[in-house]
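Visitor: Build me a structure from this.
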Amino acid sequence: MVRIGLDARLTYYRRGGITEYIEALLREIPSLDRSNEYFVLHSRKDRRNLASGRGQRKIACWTPPHHRIERLALGMEVLPLRLDLLHSPDFIPPHGPQRSVITLHDLTFLRYPEFLTFESRRYYNNQIAAAVQRADHIMVDSEATREDVIAMLDVPEEKVTSILLGISERFRPADEATITDFLTRNQLPRGYILFVGTFEPRKNLKGLLQAYRQMLSNQPDLPPLVIAGQRGWLYEEIYALVVELSLSDHVLWIENVAPSDLPSLYSGASVLCLPSFYEGFGFPPLEAMACGTPTVVANRASLPEVVGDAGLLIDPDSAASIAEALGRVLTDPALASELRERGFRQASLFQWQETARQVLTVYNNVLEVS
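Guide: Alright, predicted model coming up:
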């Protein structure tokens, strides 16, 4: 029986795409792999047990993620487990004799260092070279990120595998009563323009706000812009820009939306816009499509892969491009209906079980050559 470790410590500290990825693998792997033993690394502070599936065992760890001596300290903690392989979904593998698989979700810190704080840049930049060298194999979430890893980190092509992510079954069109309840609780009108994500420069909220200002000048009855998510790095300038553009009465903020409310949030919108400069994958447009909401996304990085022919692509450097695409969806019911139907088909292609199956293939390939 092979002993496989999966590092789930980050799930205690942060919600988001990586946490969704880790929890999905833990949920799907037991039905696909009935032969091996899995050791799930938890933060010692985490009272939950994510290792609830067949063949899974919870391991409490003292080392927190993103600690300056994480690689050494975690390596010492897992050494007694005698692992054959350890999967590091947050891409920083510890020292040790075990085989190593990492998931590198994006290279924002290399492509757009100006969008991170100094401390964040220093942390990631100091780790990445050692991480890709230590790893026996690297998984990424899109072909765009795979190309970045190969080109920017000088990694052999055969060492990097692109595996698309999945989507939770809870993302489907919400019924009218549930949508109405959500809108009432949050004092929202039906049909708003929606952004979902972290409030940080990489997401290009500046471009979206400038586009919205252009549209509002020509259409005073424009639906409000709802910005939903959580504060990230350097978010203060985004709030300042809303005031500078005189948009305080037109922009509505919703922070830390409950996961159970997300389908209603998407279903209540006329269109979702994600004009990011860079995304390693991009869950919001996928979730929006599954809920029947048309999408407008940047023609950068992984986003064209995620939406396929089901979304409109914009130039994130051009507020006019963003405004034009949003205007088309809002004023052309036939286009919106077509995008909605295409979105359902596109979203159905992303299944967590298939993601887990491909991850297991990588595990097995790495173990076979050990």
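
Visitor: Could you use CA atoms for every contact and neighbour count after this?
Guide: Fine.

Visitor: In terms of secondary structure, what does the helix or strand hosting Thr198 contact?
Guide: In this structure, Thr198 sits in strand 192-199 according to DSSP states H and E. Strand 192-199 sits against strand 225-231, strand 269-274, with contacts defined as 3 or more CA pairs under 8 Å, 6 or more residues apart in numbering; DSSP states H and E.

Visitor: Any idea how far that strand is from the middle of the chain?
Guide: 14 Å (CA atoms, centre = their mean, to the nearest Å).

Visitor: Next: stretch 358-370.
Guide: With CA atoms, centre = their mean, you get 24 Å for stretch 358-370.

Visitor: Could you pull out the buried residues of that stretch?
Guide: 358-360, 362-363, 366-367 (16 or more other CA atoms under 10 Å).

Visitor: same deal with stretch 285-294?
Guide: Buried-residue list, stretch 285-294, by 16+ other CA under 10 Å: 285-294.

Visitor: again, but for stretch 20-35
Guide: 20-22, 24-30.

Visitor: ok, now stretch 340-352?
Guide: Neighbour-count burial for stretch 340-352 [16+ other CA under 10 Å]: 340-344, 346-347, 350, 352.

Visitor: Tell me the one of those nearest Thr331?
Guide: Arg340 (14.6 Å; CA to CA).

Visitor: show me what contacts that closest one?
Guide: 289, 292-294, 310 (CA atoms under 8 Å, 6 or more residues apart in numbering).

Visitor: Switch the residues you listed over to JSON lines; also include secondary structure, distance to Ser142 and pLDDT.
Guide: Formatted as JSON lines, the contacts of Arg340 follow (DSSP: H, G, I helix; E, B strand; the rest coil; distance: CA to CA, whole Å; pLDDT from 0 to 100):
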{"residue": "Met289", "secondary structure": "helix", "distance to Ser142": "18", "pLDDT": "98"}
{"residue": "Gly292", "secondary structure": "coil", "distance to Ser142": "23", "pLDDT": "98"}
{"residue": "Thr293", "secondary structure": "coil", "distance to Ser142": "22", "pLDDT": "98"}
{"residue": "Pro294", "secondary structure": "coil", "distance to Ser142": "21", "pLDDT": "98"}
{"residue": "Ala310", "secondary structure": "coil", "distance to Ser142": "17", "pLDDT": "97"}
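
Visitor: Tabulate these in a markdown table, adding columns for distance to Arg134.
Guide: Below are those laid out as a markdown table (distance: CA to CA, whole Å):
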| residue | distance to Arg134 |
| --- | --- |
| Met289 | 38 |
| Gly292 | 42 |
| Thr293 | 42 |
| Pro294 | 42 |
| Ala310 | 39 |
